[in-house]
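Q: what's the 3D shape of this:
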Amino acid sequence: MNLKKYSLITFIALIVNFSFAQEGVPIYSDYLTDNYYLIHPSMAGVANCAKIRMTARQQWFGIDDAPSLQTISANGRVGDSPVGIGGVFFNDSNGYHSTVGGYATFAYHLMFSRNEIDLNMLSFGLSAGFLQYKLDETDFLAPGEFDQLIAGIEQSATNFNIDFGFSYQFLDFYAHFTAKNILKNEGINFNEQGFEFDNLRTYLFSTGYVFSKYGSDWSYEPSVMLMHRDATEETTIDINAKVYREMDFGKVWGGLSYRRSLDGAEFVDGSGISSQKLQYFTPFIGVDYNQFVFAYTYSYQANTVNFNTGGFHQITLGYNFNCRREKYECNCPAVN
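A: Below you'll find the model as predicted:
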């Protein structure tokens, strides 16, 4: 099926989807591939290495103009100071709609322990950036056709917003909280009959613990993440399990994430009404080879009603540089 023709039939539904895409970088499972900074600004410069990460995500192979996302991010510590800086640039496209944006981040890390052996650190992070939204209507109408609701041009609008969050690291335990899109922007409405949202605030909370026996090359990290959208009062939860194996050349790791919406959506099922909750199963695997990082993520949507049975594929490439010695005696892969 051609997605552009499908978009014309379900134009209002796509406007609603586009309004949710205005939140900035979509929240997928990227953070599990050694990329917590992508969703939590307080993680900028927290590690003993500066990091560059690139991701490419593709949905629904074989579907024209299917959703895709590309991100590039970099973050690191400023010398031996407690200051961390970072930046994110992304391109998110879905049929006629696309969002391009960039953020710059300032973070500050407070050590509470008496020395750097025992990790006890509170971090704050602030990201500020722009989001440019586009709606391409140039192919909506055939030559000679007219519709007063369709301009037939590429429309765009730009907003500015900020994210703020904090992280707490204590030995093998961690917790993060981030409020995204704090500012109330003027609602984006490319169509007078469409829907408009000016509250894009999203709240994220992550916590986890890394277990390992003394002297073992294996470590295990269970974690959870809660995401809540303020305007729609939608809440989802991620339940994650991750395993690490130390190798001579670096580290091999992998795991499984399960995402479930706590809110059900109703749909017509034959002669009755049924309800379903969003569910994703996401296995992932990665390797740290010296200073390079490679990861692959696959997400499968396990719902009764799906647009396509294909999955969501994502590749992550990374490079660590300006590395310092591992300071802390803890199982804390995001920091050491």
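Q: Low-confidence ranges, the stretch 201-336 of the chain, go.
A: Scanning the stretch 201-336 of the chain for pLDDT under 70 picks out 265-275, 303-310.
Q: at 90 what do you get?
A: Applying pLDDT under 90 to the stretch 201-336 of the chain picks out residues 213-215, 230-233, 262-278, 300-312, 324-331, 336.
Q: Determine the number of other residues adjacent to S93.
A: Using other CB atoms under 10 Å, the number of residues around S93 comes to 18. Just so you know, the C-beta spots here come from the backbone N, C-alpha and C atoms, and that holds for glycine as well.
Q: and it, bridged to which residues?
A: Residues in a beta bridge with S93, per DSSP bridges, are S68, S98.
Q: is it true that it touches P67?
A: Yes: if you go by CB atoms under 8 Å, S93 and P67 touch, sitting 6.9 Å apart.
Q: so what's the backbone phi/psi at the closest residue to F312 other than its chain neighbours?
A: Of all residues not flanking F312 in the chain, S299 sits nearest, at 3.9 Å (CB to CB, 6 or more residues apart in numbering). Torsion angles at S299 (phi, psi; degrees, to the nearest 10) stand at phi -120, psi 130.
Q: Check what pLDDT L8 gets.
A: Looking at L8, its pLDDT stands at 35.
Q: Oops, could you answer that again for S19 instead?
A: 38.
Q: on that earlier part again, tell me, how many residues neighbour the residue nearest to F312?
A: Neighbours around S299, by other CB under 10 Å: 19.
Q: Could you list which residues are in contact with it?
A: Shown in contact with S299 (CB atoms under 8 Å, 6 or more residues apart in numbering): Y28, S29, Y280, F281, T282, G311, F312, Q314.
Q: What about the residues you listed, which are in strands?
A: Y280, F281, T282, F312, Q314 (DSSP state E).
Q: now, among the residues you listed, which is nearest to Y220?
A: T282 (17.7 Å; CB to CB).
Q: I figured that closest one hits Y296, correct?
A: No: counting by CB under 8 Å, T282 stays clear of Y296, with 11.0 Å between them.
Q: Looking at those two, which is more packed in?
A: Remark: of T282 and Y296, T282 carries more neighbours, 22 against 15, as counted by other CB under 10 Å.
Q: Can you tell me how far that one is from T55?
A: T282 sits 14 Å away from T55, going by CB to CB, to the nearest Å.
Q: list the buried ones in stretch 279-290?
A: Buried residues in stretch 279-290, defined by neighbour count with 16 or more other CB atoms under 10 Å: Y280, T282, F284, G286, V287, D288.
Q: Now N181. Nearest residue, chain neighbours left out?
A: L200 is the one closest to N181 (CB to CB, 6+ apart), at 3.9 Å.
Q: so the one you found sits in a strand?
A: No: going by DSSP: H, G, I helix; E, B strand; the rest coil, the assignment for L200 is coil, not a strand.
Q: Neighbours of the nearest residue in space to G84 that is not next to it in sequence, how many?
A: Excluding its sequence neighbours, the residue lying closest to G84 (CB to CB, 6+ apart) is G45, at 1.9 Å. The number of residues packed near G45 is 25, by other CB under 10 Å.
Q: Tell me who's in contact with G45.
A: Residues counted as contacts of G45 (CB under 8 Å, 6+ apart) are N75, G76, R77, V78, V83, G84, I85, G86, A107, H109.
Q: Nearest to L226 among these?
A: A107 (21.8 Å).
Q: Show me what the closest one is bridged to.
A: Assessed by DSSP bridges, A107 has beta-bridge partners G84, G125.
Q: quick one on the thing from earlier: give me the phi and psi for the residue nearest to N181.
A: The phi/psi pair for L200 (degrees, to the nearest 10) is phi -110, psi 10.
Q: What about it, how many residues nearby?
A: L200 has 24 nearby residues by other CB under 10 Å.
Q: and it, how far is that from K184?
A: Counting by CB to CB, the gap from L200 to K184 is 8 Å.
Q: before we move on, what about D288?
A: From D288 to K184 the distance is 41 Å (CB to CB).
Q: again, but for G84
A: Noted for G84: a distance of 28 Å to K184, by CB to CB.
Q: Could you tell me how far stretch 234-246 lies from the centre of the chain?
A: The chain centroid and the centroid of stretch 234-246 are separated by 13 Å under CA atoms, centre = their mean, to the nearest Å.
Q: Mind listing what's buried along it?
A: Those would be E234, T236, D238, N240, K242, Y244, for stretch 234-246 by 16+ other CB under 10 Å.
Q: so the fourth one, which of the three states?
A: Spelled out, it's N240. Assignment for N240 (three-state DSSP): strand.
Q: what is it paired to in the beta sheet?
A: With DSSP bridges as the rule, N240 is bridged to S223, S257.
Q: which residues does it contact?
A: Neighbouring residues of N240 by CB under 8 Å, 6+ apart: L32, G208, E221, P222, S223, V224, M225, G255, L256, S257, Y258.
Q: Confirm for me that the last one is in contact with L278.
A: No: when contacts are counted by CB under 8 Å, Y258 is not listed as touching L278 (11.3 Å).
Q: which residues in this structure form strands?
A: Per DSSP E, the chain carries strands over the ranges 50-59, 68-77, 83-94, 97-111, 120-136, 154-170, 173-180, 202-209, 218-229, 234-246, 250-269, 272-289, 292-301, 312-321.
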